[in-house]
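Visitor: Model the following, please.
(one chain, ligands or ions: 1)
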Amino acid sequence: MVLILDFGSQYTQLITRRVRQLGVLSLCVSGTAPLSSLTGLRPRAVILSGGPHSVHASGAPSFPEGFLDFAAEAGAHVLGVCYGMQLLVQSLGGAVEAGERQEYGDTEVEITATSSALYGESGVGNRQSVWMSHGDEVVRLPQGFEVVARSVQGAIAAIEHREKRFYGLQYHPEVSIIYCFILSSWIDGDGFKLRLLC
Ligand SMILES: NC(=O)CC[C@H](N)C(=O)O
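Guide: Below is the predicted model:
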């Protein structure tokens, strides 16, 4: 089961549907749902949705305290999408700032890591066209993370901490553009492999 925490993105239900289209059960709950309401769930993966807020705004929604421990105990991979990635980064000690370059719509990103969980062995320099919708950007990574893709404008587009199973995408893999491309996310555990198809 994939647990989706909703932080208010207009695309959250699309994430839920993409996962179900893969034949995998997905459950979408409010991103601020109390931890006690998740008792008994053992998600294989958690996806933190995007959202309209800035992580710095007062009242910006966040997952409940102890949520990342809950995910770790379940052995779940955690993928943050846009706001979800910014939230993950901020909560683990990295930094997010209002970007000088806001990115909206069809944007090219370039893979910068020779090998990564998100893109496999697809090779440094490969480019993909993705859907961006953000004003803030990650400017400093928490310890143990690495940048695996950047937008052609230079903004951090994808990050991961393979050991801890944390992944982040600044773009929205759930949004498909005219053509069909396979976006990446390898979320494997117990022989289970999830690929988000966009
Ligand atoms: N789409 C999103 O999740 C946007 C996140 C945040 N509001 C930003 O502008 O950067």
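Visitor: Show me what the strand of greatest length in the chain is packed against.
Guide: Secondary structure of the chain per DSSP state E: the longest strand is strand 95-111. Here strand 95-111 touches helix 83-91, strand 127-140, strand 146-151, going by 3 or more CB pairs under 8 Å, 6 or more residues apart in numbering; DSSP states H and E. All C-beta atoms are positioned from the backbone trio N, CA, C, and that covers glycine.
Visitor: Generate JSON lines for those, with mean pLDDT, mean neighbour count and distance to residue 6 as supplementary columns.
Guide: Shown next, in JSON lines, are those (pLDDT from 0 to 100; neighbours: other CB atoms under 10 Å; distance: least, CB to CB, whole Å):
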{"stretch": "helix 83-91", "mean pLDDT": "98", "mean neighbour count": "25", "distance to residue 6": "10"}
{"stretch": "strand 127-140", "mean pLDDT": "94", "mean neighbour count": "19", "distance to residue 6": "16"}
{"stretch": "strand 146-151", "mean pLDDT": "96", "mean neighbour count": "20", "distance to residue 6": "25"}
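Visitor: Could you dump the ones you listed into JSON lines with distance to the ligand added?
Guide: Converted to JSON lines, these look like this (distance: least, CB to the nearest ligand atom, whole Å):
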{"stretch": "helix 83-91", "distance to the ligand": "3"}
{"stretch": "strand 127-140", "distance to the ligand": "3"}
{"stretch": "strand 146-151", "distance to the ligand": "13"}
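Visitor: among these, which is nearest residue 106?
Guide: With CB to CB as the criterion, residue 106 lies closest to strand 127-140 of the helices and strands packed on strand 95-111, at 5.8 Å.
Visitor: how much does the closest one deviate in direction from strand 146-151?
Guide: 120 degrees (axes from the mean of the first three to the mean of the last three CA atoms, to 10 degrees).
Visitor: which residues of the chain fall in strands?
Guide: With strands called from DSSP E, the chain shows them at 2-6, 26-30, 45-48, 77-81, 95-111, 127-140, 146-151, 156-161, 166-169, 187-189, 192-194.
Visitor: Please tell me how far the closest residue to the ligand within the chain sits from residue 24.
Guide: Nearest to the ligand, among the residues of the chain, is residue 50, at 2.7 Å (CB to the nearest ligand atom). Per CB to CB, to the nearest Å, residue 50 is found 20 Å from residue 24.
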